[in-house]
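> pasted the sequence and its predicted model underneath.
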Amino acid sequence: MPEAVETNPTDQATPAPPDRVETRRRTWTIRRTIAWSALVLAVVAVAGSLALWVLSPSASDLQGRVDAQAALHGVPRLQPGEVPPLLAEAIVATEDERFYEHHGIDVIGLGRAFLYDVTHLCGCQGGSTITQQLVKDLYLNGSDSGVMKLVDIALAFKVELQYSKQQILADYLSEVLAGDGVYGMPAAACADFGRPLAALDLGQIALLAGMPQAPSAYDPRFHAIAAATRRTEVLASMVSEGFVTPQEAVTAATEPVVVHSPSGRC
């Protein structure tokens, strides 16, 4: 007769407590909900981006808009080969240090501006690139608030796909507000110094490059001290980017803010 095998109760599988089973079920449900929510958000984001791309202007008429803006204000426009290299460097160092690296949107700049605004409880920094500023002026009547910010982003991408960086920079410098009622850097050079852009020195270039942030506040015709302070900031940015030496910046910063009463010709 075979011997009876004793069974140890501890050798048998012990069912999980009901509360543990319920916890696992809830965890699985939460994970599934999160996964579906992420998928839905991704689909909505893609669909929204496609709709925004289709519905926003094509940007193929950018050059015509620059011409129209120059004609409206009676000022000359710049071609890429007419932009002084020093002015290009000053504007890039001051307004958009990654201009030649991004494709219309500076993600790093946007993130930095967002963190600054959150920590300082203000809307102090916009993080817009030169390309975004250009399309905001020419397509969005100077405002990119609310949903227009998304349109601004889509247009910036389109502009970067169709035009070179040199063309975009020339267009921006042709139409940007560069003083109290003064549009375009060529007109600003004439109004402030009575000289063409190509004849300006480093100090004068730096002064003009600082204008777009606050054209009226930094206009040297009316606010010489503020203009000189802003010029020093621009020169510091140019030194930081390696465009000029510290000694060159110091020399330029000591120049008087000379404003010329234009005779109508430069």
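The structure has been received and is ready for your questions. Numbers count the residues shown, from 1 in each chain.
> all helices of this structure, in order?
With DSSP state H as the definition, the chain shows helices at residue ranges 18-55, 62-73, 85-95, 107-120, 130-139, 148-162, 165-175, 185-193, 202-209, 224-240, 246-253.
> so what's the residue lying closest to residue 240 once chain neighbours are set aside up against?
Of all residues not flanking residue 240 in the chain, residue 93 sits nearest, at 7.1 Å (CB to CB, 6 or more residues apart in numbering). From N, CA and C alone the C-beta is placed, and that goes for glycine too. Residues in contact with residue 93 (CB atoms under 8 Å, 6 or more residues apart in numbering) are 209, 234, 237-238, 240-241, 243.
> equivalent analysis for residue 103, please.
With CB under 8 Å, 6+ apart, residue 103 has these contacts: 157, 160-161.
> if you set the cut-off to 7 Å instead, what comes out?
For residue 103, the contact set (CB atoms under 7 Å, 6 or more residues apart in numbering) comprises 157, 160.
> what bits of the stretch 151-266 of the chain have low per-residue confidence?
Scanning the stretch 151-266 of the chain for pLDDT under 70 picks out the ranges 261-265.
> mind exporting stretch 174-183 as PDB, just the C-alpha atoms?
Once non-C-alpha atoms are left out, stretch 174-183 reads as follows in PDB (Å, rounded to 0.1, in the frame of the first residue of the first chain):
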ATOM      1  CA  SER A 174      14.400  96.400 -45.000                       C
ATOM      2  CA  GLU A 175      11.100  96.600 -43.100                       C
ATOM      3  CA  VAL A 176      11.900  96.500 -39.400                       C
ATOM      4  CA  LEU A 177      10.900  99.500 -37.300                       C
ATOM      5  CA  ALA A 178      14.200 101.100 -36.400                       C
ATOM      6  CA  GLY A 179      13.300 104.300 -34.700                       C
ATOM      7  CA  ASP A 180      10.300 106.400 -33.900                       C
ATOM      8  CA  GLY A 181       8.400 106.200 -37.200                       C
ATOM      9  CA  VAL A 182      11.500 105.000 -39.100                       C
ATOM     10  CA  TYR A 183      11.200 101.800 -41.100                       C
END
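> who touches it?
Counting by CB under 7 Å, 6+ apart, 66, 69-70, 73, 75, 77-78, 137-138, 184-185, 188, 191-192, 208, 211-212, 215-216, 219, 222 sit against stretch 174-183.
> which of those are buried? Put it as a PyMOL command.
Written as a PyMOL command, the selection of buried residues from those, which uses 16 or more other CB atoms under 10 Å, is:
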select buried, resi 66+69+70+75+77+78+137+138+184+185+188+191+192+208+211+212+215+219
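> need the nearest residue in space to residue 165, chain neighbours excluded.
Counting by CB to CB, 6+ apart, the residue nearest residue 165 is residue 100, at 5.8 Å.
> backbone dihedrals for that neighbour, please?
Main-chain torsions, residue 100, degrees, to the nearest 10: phi -80, psi 0.
> pipe the contacts of residue 93 into TSV and attach distance to residue 32 per row.
Compiled in TSV, those are given as follows (distance: CB to CB, whole Å):
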residue	distance to residue 32
209	55
234	55
237	51
238	55
240	50
241	50
243	55
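> what is the most widely separated pair among those residues?
Across the contacts of residue 93, the two members that end up farthest from each other (CB to CB) are 209 and 240, 13.8 Å apart.
> who's more crowded, those two?
Neighbours were tallied for residue 209 and for residue 240 using other CB atoms under 10 Å; the higher tally belongs to residue 209 (29 against 12).
> so who does that one touch?
Applying CB under 7 Å, 6+ apart, the residues near residue 209 are 87, 90-91, 94, 234.
> so residue 195 touches residue 186, yeah?
No: in this structure, residue 195 is not within contact of residue 186 by CB atoms under 7 Å, at 10.5 Å.
> looking at the two, which is more packed in?
The neighbour count for residue 195 versus residue 186, taken as other CB under 10 Å, is higher for residue 186 (22 against 15).
> many thanks, I have nothing further to ask.
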